[in-house]
Structure formats: structure tokens, C-alpha cells
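K.L.:
Here is my input, please return the structure:
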Amino acid sequence: MPENISIKVIGRCRPLTGEESSKGVKSVVKVSGDKILLELGGKEQSFGFDGAYSGEVRNEQIFKEKCETMLQRTTEGYNSTIMTFGATGAGKSHLMSGTDDNPGIAPQMIKRLYQHIAEKSNREFFITVSYLQAMDEKMMDLLNPHNNQMTIRHHPHKGIFVDGLSEMVVHSYDEMSEMYEQGRRVHEAGGSDLKGSRARAHSVFSITIEQKERQSSKVGVRSVLTLAEIAGFDHGGSTDPKVVAGVQGMASVLNALGGPKKGGAIPYRDSVITRVLQESLGGNAVTMVLAVVSPVDKSAQETMTTLQYAQYAKNTKNHVKMNLDETHDIINDLRDEISKLREKIAAQSQPNKDDVLKMEALVQDLQIAKRSTWEEREKQSSKYQNERKTNLANKGVLEWVQDSMKKGNRELQEKLMLLQKEKDQLTYQYKERRKVVDDLNEELQRKIGEYSKLTQSGKSSESETKKKVTAVHDLKEKLKKETDGLKRLKEQLQELTEKQKNERENAKAQITSLKGNAELRQKIEREEREHLEKEHAALVHFEIDKMKMDIENLKQDIQMKVNKGHAYSSQEGELLEVHVAEMKAEKNVTTLQIQLLEKEKARIVQELEDVHKVHKDELEIQQLQHFQTFRSYREMFEEQKIALDQRYRQLLEDAIQDAVFLSSRNNELQDENKSQRQHIAEMKDVITKLGGRIPPEPGMTA
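P.N.:
As a prediction, this is how the structure comes out:
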């Protein structure tokens, strides 16, 4: 039996931005318990909801406390809707979509949904998604932005749906997250032919969940989870009826459901967005409204409007029930009904017009029901997948493709981000310890210098000399300890760099299946090369630092030996000079090798650029050739079409002439037949008069 439940309303006030705070903007909104307090015109007005949150509260907390319970109802077979509405700049997108550091309601709902599915090993799930944008009464498919017409229809099985909206089958959390992210980017990038402000655009992300027990004949359940972001009620002073209807439609429906006009006709059909969300507003859905407001004083009137309509929503009751997935039974029932109606029409000499119209409607419902089976929707989804690449390119959203290629999925992105944070921390520790080592080196040089002066003066006592030597040795031990720590940090950095490299290789392997154009791929590869060059340069820098430290240690050892009175022989001096000369020569050779490598790198880069240019030119030539071939085929098709049209006209004329001839001949035969019938009648009269005898032929005697 249907269950009557009220729409739940949660209030959320965003915090002041840094710029607003620096300008001294006044906040006129406070959150107290489950109430939002608004100061307007010197008076404070209070609005009580099912929950209220300030801007400091993270999206995760709101989801866990208020939204997560709705998922349970959804997976039990009840339709559910979460919608955000508020003025432009109030923070609707931040609450619904969030950021990488603070995920919104939608990403968390998607993640939790698949965690729930993983716990239900005894059930089989079939999940599809669609993403609709409605602006100024025009609809756009955000997952597959085509130019085909879309209409809102009602079906006894599917309910209200948008005919022509792509429904994509998803099999995993990654796929659904990718679909949501891609559609959101198309929405934000304005990759459509619609004109006007994005602030007037509504968006509806729908997740259809169908489930049944594995290897069971029991009827399954079906539910729709709708995540909607509603545009503000301000139409910017526009007088265009479509603009006004698009942004004011939601206000009119809420007013009729729970406002001053409650009890009257509900104008669902006055706007696209209210027609699409009809089940969510007074219909068959568990609905939660997230009313988002801005705290700034200049937005006080828009805040008041949002809170008033949120109050109207809270006064609205929905009539929810569990949705059984009876697709196969409905198909069989429709077939039986159509068969009976067809037999009835065939038995009538003059078919009833109402019966014919009813059968046409039933046939249409049957076609929609047949397209609702899992197998058919899987096939249709594959078709949409092939179309969407072309449509996305045609809409000018190639930057979205590039971004997807670089970032990969969300989990991989988070892993790379954590590795980078760890590397930054190690780099900071390395720099700090390197500073300590440099300071110790300077202090050691100073103490060695003091010891040298003391020994050269000859005025130092044995205890004083011993004290200086002990201090130098202690400092050397401390320096050695810090140097060892610095080496360990360097090794950790190298290991982390290698781990990052492996993760990037994995990411690259995962995204090779995504086929962008050659120019985009080249750009991504160039960025990867530059990144690797920077890392290699850092490694060279580390090695140079190590070499400098080794040289410093060697110099200190030599200085200590000299101070202790060690005299180098001419042979040792000669060896040292040879070693220094070899190092200088090696340095020159290494410098030359680096220069040659730089030249080789420049040559290879130039070759790559040339190859890319040639490939690009060849591709353009191929495209031109394909276009010319297509044009030739089209011309041939047009010529054949003209020839067929001419042949058709000739045949039609011949047929008309034949019909005229046959009609004339038919009339002649009818006249002859009439004459023969009259002659037969006359002969019958003569035979009757002669008593049944046949009269003789003319010129013969009886």
C-alpha cells in the first residue's frame, strides 16, 4: 500500500569567502540547531527544517547524517530524490558535486551505492544512468549531446520519462563516477547549442536500479535515484515566456503543493523541470530538498525566497510505494490485449475508430516495454557509447577528453596525490637536513681553522690542543650522522620517485583505451616527458650535492692530516695532481656528453614534431579524400535517385493509362454483357411462346 511521507528539507548556509571577509561583508544568516535565522529589514526571521548546517560542516557529515539513509529505501525498491536549490552563488554545486578534498553528495552516494551492492552477493543488479539539462524549456543530453528531438512521455510501466534521452548501462563504481564527472564537465563547459546564462540551467542525474534474486523466478524490484540541481528562481528580468517558465516552474509547483495556493491544480506541465520531477514532488518518491543559501547581506532577499519555498516543500507529502519490476509480465499482458483487440477489429465489417486508436497506443506501449528489458537496454547503451564520442567532439569539449586522459579515475588520482604529498614532505625534510649539514660543515671548517692557528702559534698547551681536537672529532661524528640521515632521505626520495613512475605507467596503461585525437595524445606525452625531465634534473642535483659533500669531507680529512703534522711526499702530491687532472678531464667530457645529449634530444623532438605534422597533414588529406569520396557517392546516389524517380513516373503514367484503358474496356464489356442478357431474355420469351421449341435459324424451315 502507498505510504504518505513528507518531503524532508535540510538547510545549508555557505561560509563567507576570503574576499568577502576582507571587504567587510556583513553576514545576515545564522544556524541554530535545526533552524536558519535570517536578519532582514532589522527583524530576525526563523525557518525550521529537518536539519540545518553552517558552512564549516563538511559535505561528508551532511551525507552521513541525512542522505545515507535514503540509499536503504532506494535499494529496497523505492524511488528517491535529492535536490539542491538556491540562488546563484549560494553553493549548490559545491554541496552536490564537491571537490577532491571535500566530495559532494552525488560522489558519496555513488560510492556508497556500490559498497551496498557488493554486500548483496545473492542478488543480480542492472544499473543505468542518464544526465539531463533543462534550460529555458530546452532539453540537452549531457552524456550524449546530440541534436535529436527529446519529448517527455508517460508510460504505465516506466512512469514519466524523456524519450530520446540516452540511458547508459554501467557495471562499476568507476564507470558511474566517470559518467557523472563527464556530464558535469559538459554542463559546466557549456558544450551545447543553447544560448544564455548557465545560471538558468537545471540538471538531473538519474540512476535506475533494477535487481532480482539470482537463479530465482521471483519478481524483482525497480527504483530510480534522482540527483537534481535546480537553478535559482531569478530570471534576470527577462520577459521571454520560456525563460520565465524555466526558472519559475519549480516555484509555481511548490506554491501549489505546500504554499498559499495549496489545494489547487498543480502546474506540473508548465515547465520541463517540474514535469521531469513530477514523481519527486507530490508523487511516488522519497524526496529530500537541500536548501542552500548565501550569508551575505546583499543576497538577503534571494535567501528569503529560497527559505520560503523550502518551507513550502516541507509542507508537501509524497505517496510512495515499492516498485516491482514486472517488465516480462507487462509485455505478455500487452501482447494478449493487442491480440484480442486485433481479432475484434478483424471481425467487424466497419472497424471502430476508438478500437483502432487504442490498439495503436497499446502497440506503442509494447514497443517501449520491449526496449525496457535488460538485453535491449544493453544493446542500446552500446549504440549510445559509439555515438557520444562523435557528439562530444562536435560540441567542442575535447578539453574534457584531455583532462580524463591525464587524470584517470578518481582512485588513481587520489593515490598519485598522496604520493606527491609524501614526496613534498620528504623533499622539505631533505632541504632542512641539508641546511643542518651545511651549517655543521661551516662550523667544522671554523674549528679546524682555529686548531690550525693554535698549533702554528706554538703557545697552546697540551690540554687545550687536546680539547680542540676532541671538539673537531665530535663535530665530525655529528656531521657524519647527519650526512648518513641525509643519504637515507635521498634513498627514500628515489624510491618514492620510482613508485610515482610506476603509478603513472599504470595510469597510462589504463587510459590507452580512451581514444582521443593524435594532437591531444602528443600534448599529453609532451607533458609527461617534461615532468620526467624535471625529475631527472632533480636526481642530477642530488648527485651533485652528494659529490660536493664527499669533496668537502675529503678536504677536511686532508686539512686534519696537515694540521697534525702529516707531510705529503712528492709522490703523493703527484698522484693528487693526476687525480685532479683526471677529474677536470672527466668534467669536460661529461659536459660535452650533456651538450651532445641536449642536441640529440632537440633533434628527436624536432623529428617527432615533423612526424606529427606529416601525420596530421596525411590525416587531413585522408579526411579530404573521404569527403570527396562521400561527395561522389552522394552525387551517384542523387543521379540514381533522379533516374529512379523518372522511371517511377513513367511506370506511374503507364499504370494510369492501363487503368484508363481497362476501365474503358470494362465499360464496353459491361455493355456487351447487358446486350447479351437482353438477347437471352428475348430468346426465352420466344421459346416459351413456341411451347419449348427452339426457333429455327433465319433462312431455315421449321
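
K.L.:
Verify the stated contact: Leu366 with Asn332.
P.N.:
No - Leu366 is beyond contact range of Asn332, at 10.1 Å (criterion: Cβ atoms under 8 Å). (Each C-beta comes from the backbone N, C-alpha and C, glycine too.)

K.L.:
okay, the two: which has more neighbours?
P.N.:
Per other Cβ atoms under 10 Å, whichever of Leu366 and Asn332 has more neighbours is Leu366, with 17 against 12.

K.L.:
Okay, and the closest residue to the more buried one other than its chain neighbours sits in which element?
P.N.:
Of all residues not flanking Leu366 in the chain, Leu334 sits nearest, at 4.4 Å (Cβ to Cβ, 6 or more residues apart in numbering). Using DSSP states H and E, the element containing Leu334 is helix 327-347.

K.L.:
Check Asn553 too.
P.N.:
helix 518-563.

K.L.:
Heading C-terminal from that helix, find the next helix or strand.
P.N.:
The helix or strand immediately downstream of helix 518-563 is helix 570-689, counting by DSSP H and E.

K.L.:
All the strands of the stretch 151-300 of the chain, residue numbers only.
P.N.:
Applying DSSP state E, counting those that start in this stretch to the stretch 151-300 of the chain gives strands spanning 151-155, 159-163, 168-170, 202-213, 220-230, 286-293.

K.L.:
most packed of those?
P.N.:
The highest average neighbour count among the strands of the stretch 151-300 of the chain, using mean count of other Cβ atoms under 10 Å, belongs to strand 286-293 at a mean of 27.

K.L.:
Which residue ranges make up the domains of the protein?
P.N.:
3-324, 373-515, 580-656 (the TED database).

K.L.:
between the ones you listed, which one is nearest to Gln556?
P.N.:
Distance to Gln556, taken as Cβ to Cβ, is lowest for domain 373-515 among those, at 6.2 Å.

K.L.:
re earlier: need the strands of the stretch 151-300 of the chain in CSV (columns: mean pLDDT).
P.N.:
Formatted as CSV, those follow (pLDDT from 0 to 100):
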stretch, mean pLDDT
strand 151-155, 87
strand 159-163, 88
strand 168-170, 94
strand 202-213, 93
strand 220-230, 93
strand 286-293, 96
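
K.L.:
Quick one: closest of those strands to Glu498.
P.N.:
Here strand 168-170 is closest among those (Cβ to Cβ), at 34.7 Å.

K.L.:
what lines up beside that closest one in the sheet?
P.N.:
The pairing partners recorded for strand 168-170 under DSSP bridges are strand 123-135 (antiparallel).

K.L.:
Surely Gln149 is in contact with Gly164?
P.N.:
Yes - with contact defined as Cβ under 8 Å, Gln149 reaches Gly164; the gap is 6.1 Å.

K.L.:
Those two: which has the busier surroundings?
P.N.:
A direct count of neighbours by other Cβ under 10 Å for Gln149 and Gly164 places Gly164 higher, at 14 against 8.

K.L.:
And the pLDDT for that one?
P.N.:
With respect to pLDDT, Gly164 scores 91.

K.L.:
So it versus Glu229, what's the distance?
P.N.:
21 Å (Cβ to Cβ, to the nearest Å).

K.L.:
for this structure, where's the lowest mean pLDDT among helices and strands?
P.N.:
Every helix and strand of the chain was ranked by mean pLDDT, DSSP states H and E. The lowest is helix 398-407, at a mean of 47.

K.L.:
Kindly provide the whole-number mean pLDDT of the helix holding Asn553.
P.N.:
For helix 518-563, the per-residue pLDDT averages 68.

K.L.:
With stretch 186-199 instead?
P.N.:
Across stretch 186-199, the average pLDDT comes to 58.

K.L.:
and it, how far apart are its ends?
P.N.:
14 Å (Cα to Cα, to the nearest Å).

K.L.:
Please renumber the chain so that the first residue is 27 from this point on.
P.N.:
Sure, I'll start numbering at 27, so the last one becomes stretch 212-225.

K.L.:
Now do the helices in the stretch 27-176 of the chain.
P.N.:
44-48, 85-88, 94-101, 118-122, 131-145 (DSSP state H, counting those that start in this stretch).
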